[in-house]
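Enquirer: Okay, sequence plus prediction incoming.
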Amino acid sequence: MARAIVDEPAHDMTRAWRAWATSTQGGEAEASAVQAAERGLRLPGKVHNAVQLARLTGKAAIFIGTGGNNAAPLGIDIAPGTIRYLHVFKGSELSGAEDDFNLASDNFGGHIYYDYNPAHVSGQAQMAQEKVRIHHSRLIWFRGVTEPDDLSGGQSVLQHCYQPIIDAETVLAHGQALVGEAKLDVIKVRDLAGTLSTESGLKRLQKRYSDGMALKSILGVTLIDSASEEWERKQVNFAHLPELIQQRLEIVAAAARMPVTKLLGQSPGGMNATGESDLRNYYDMINGRQETGLRSALSRLDTLLIAHCGATIAPHDYSWNPLYQLDEVQAAEAALKRAQAGAIENI
């Protein structure tokens with residue numbers, strides 16, 4: 001469940017990607033050039049990895065590599081072909097240096113420089129490699145969950161889902177333990193305490209019921225002494241267990257802001273249940289995150305990308321491709337309605 005909470009929204013926010021506008025003069029050629037640059041730099045995959053890391057760890061950044069001095073500012077008026085590569089860093093790999101308190105700066109509240117700590121390098125290579133200083137203009141930041149009093153920071157999305165996940169796993173574990181107790185045979189033995197008080201009595205009791213279990217496995221019946229033993233079978237009632245488990249899973253889904261069908265990867269249950277409304281609401285939420293989160297985070301990178309391509313289109317002139325796809329019947333009905341509306345307008 002934790003992996004689905006981290007991975008699925010990151011995948012859905014980037015899998016359909018975006019379409020650049022082609023309505024202006026020369027827009028189609030420029031849009032194709034920008035799309036080709038996105039593919040060449042593997043931008044959709046980099047953004048997916050950055051969003052995934054940010055959701056898991058709280059913060060992540062895309063480093064814009066130009067092959068030059070990483071500590072020098074990177075202006076938006078770069079020459080075509082300047083961007084050579086993009087790297088994704090975890091927030092823990094970058095430590096800030098020199099706070100930026102300039103109110104006129106779009107980096108206000110952040111750091112002017114960041115030092116890259118190659119924590120994944122070990123041994124002699126780690127001793128030989130020094131920290132790399134990077135100017136903030138070369139980093140595009142992504143954040144998981146931001147708090148109202150700390151917009152520059154970030155928390156893992158699992159921070160608010162941890163306890164519901166633990167509660168759901170506890171209920172599932174108890175339910176699994178009950179399976180072994182679903183059918184329990186109880187035999188009442190006269191003077192059991194006295195029999196167990198001696199070693200010979202314990203051995204007789206063990207032999208008695210081991211032989212009894214052997215007979216049961218062969219004959220399928222339970223043989224008891226009618227004078228000194230009573231047998232009964234107790235069964236666990238599982239009537240309300242599925243509802244209890246479902247409630248716990250729904251709480252996890254609510255904390256993750258995901259429908260249960262998306263969280264568990266299962267079809268909706270119940271008669272005439274399609275889950276379409278839940279899925280539409282989820283995709284609307286994903287589109288909102290694309291507009292308020294990804295669009296603002298990618299604003300500077302898009303400006304640099306367009307200059308890198310030598311294009312002149314606006315960095316905001318694109319739309320996110322729809323996540324919800326119509327089936328054949330729905331698409332045919334929509335096309336018919338558009339045709340009928342066009343015919344009415346032409347009358």
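Expert: Alright, I've got the coordinates.
Enquirer: Now the closest residue to Leu264 other than its chain neighbours: which helix or strand?
Expert: Take Leu264 and drop its neighbours on the chain: the residue closest to it by CB to CB, 6 or more residues apart in numbering is Leu249, 6.8 Å away. In this view, the C-beta of every residue, glycine as well, is placed from N, C-alpha and C. For Leu249, the element it lies in under DSSP states H and E is helix 241-256.
Enquirer: Can you identify the element that follows that helix toward the C-terminus?
Expert: helix 260-264.
Enquirer: Can you name the element that comes right after that next one?
Expert: Next element after helix 260-264 (DSSP H and E): helix 276-289.
Enquirer: now that next one, how far from the centre of its chain.
Expert: Centroid displacement of helix 276-289 relative to its chain, using CA atoms, centre = their mean, to the nearest Å, is 15 Å.
Enquirer: cool, stretch 35-45 as well?
Expert: A distance of 23 Å separates the centroid of the chain from that of stretch 35-45, by CA atoms, centre = their mean.
Enquirer: Ok, stretch 178-185 next?
Expert: Counting by CA atoms, centre = their mean, stretch 178-185 comes out at 36 Å from the chain centroid.
Enquirer: quick one: terminal-to-terminal distance for that stretch?
Expert: Start-to-end span of stretch 178-185 (CA to CA, to the nearest Å) is 15 Å.
Enquirer: What average pLDDT does that stretch get?
Expert: What stretch 178-185 shows for mean pLDDT is 74.
Enquirer: Same check on stretch 98-115?
Expert: 89.
Enquirer: what do you get for stretch 135-146?
Expert: Computed over stretch 135-146, the average pLDDT equals 92.
Enquirer: who's in contact with Ala314?
Expert: Under the criterion of CB atoms under 8 Å, 6 or more residues apart in numbering, Ala314 has no neighbours.
Enquirer: And the strands in the stretch 1-150 of the chain, which stretches?
Expert: Along the stretch 1-150 of the chain, counting by DSSP state E, counting those that start in this stretch, strands occupy 18-20, 59-65, 85-90, 94-99, 111-116, 132-135, 139-143, 145-147, 150-155.
Enquirer: Looking at those, which is nearest to Asp191?
Expert: Closest approach to Asp191 among the strands of the stretch 1-150 of the chain is made by strand 150-155 (63.4 Å; CB to CB).
Enquirer: Only the buried residues of the longest helix seen in the chain, if you could.
Expert: In the chain, with assignment by DSSP state H, the single longest helix is helix 199-219. Buried residues in helix 199-219, counted by 16 or more other CB atoms under 10 Å: Arg208, Gly212.
Enquirer: Summarise which helices and strands it is packed against.
Expert: Helix 199-219 is packed against helix 192-196, with contacts defined by 3 or more CB pairs under 8 Å, 6 or more residues apart in numbering; DSSP states H and E.
Enquirer: partners of the helix or strand just after the longest helix of the chain in the sheet?
Expert: Toward the C-terminus, helix 199-219 is succeeded by strand 229-235 as the next helix or strand (DSSP H and E). Strand pairing for strand 229-235, using DSSP bridges, gives strand 183-189 (antiparallel).
Enquirer: Contacts for the strand it pairs with next, please.
Expert: 195, 205, 209, 222, 224, 228-236.
Enquirer: could you redo the last one with a cut-off of 10 Å?
Expert: With CB atoms under 10 Å, 6 or more residues apart in numbering as the test, strand 183-189 has contacts from 195-196, 205, 208-209, 212-213, 216, 222, 224-225, 228-236.
Enquirer: From those, list the buried ones, please.
Expert: When those are checked for burial by 16+ other CB under 10 Å, the buried set is Arg208, Gly212, Glu229.
Enquirer: just curious, which of those is nearest to Asp167?
Expert: Gly212 (41.4 Å).
Enquirer: Please name the residues that touch Arg295.
Expert: Arg295 makes contact with Arg18, Arg289, Asp302, Pro315, His316, Tyr318, Trp320, according to CB under 10 Å, 6+ apart.
Enquirer: And the residue nearest to Leu264, how far from Tyr209?
Expert: 41 Å (CB to CB, to the nearest Å).
Enquirer: Contact partners for the closest residue to Thr312 other than its chain neighbours?
Expert: The shortest distance from Thr312 to any non-neighbouring residue, by CB to CB, 6+ apart, is to Glu30 (6.7 Å). Residues in contact with Glu30 (CB under 10 Å, 6+ apart) are Trp20, Ala21, Thr22, Thr24, Ile306, Cys309, Gly310, Ala311, Thr312, Ile313, Asp317.
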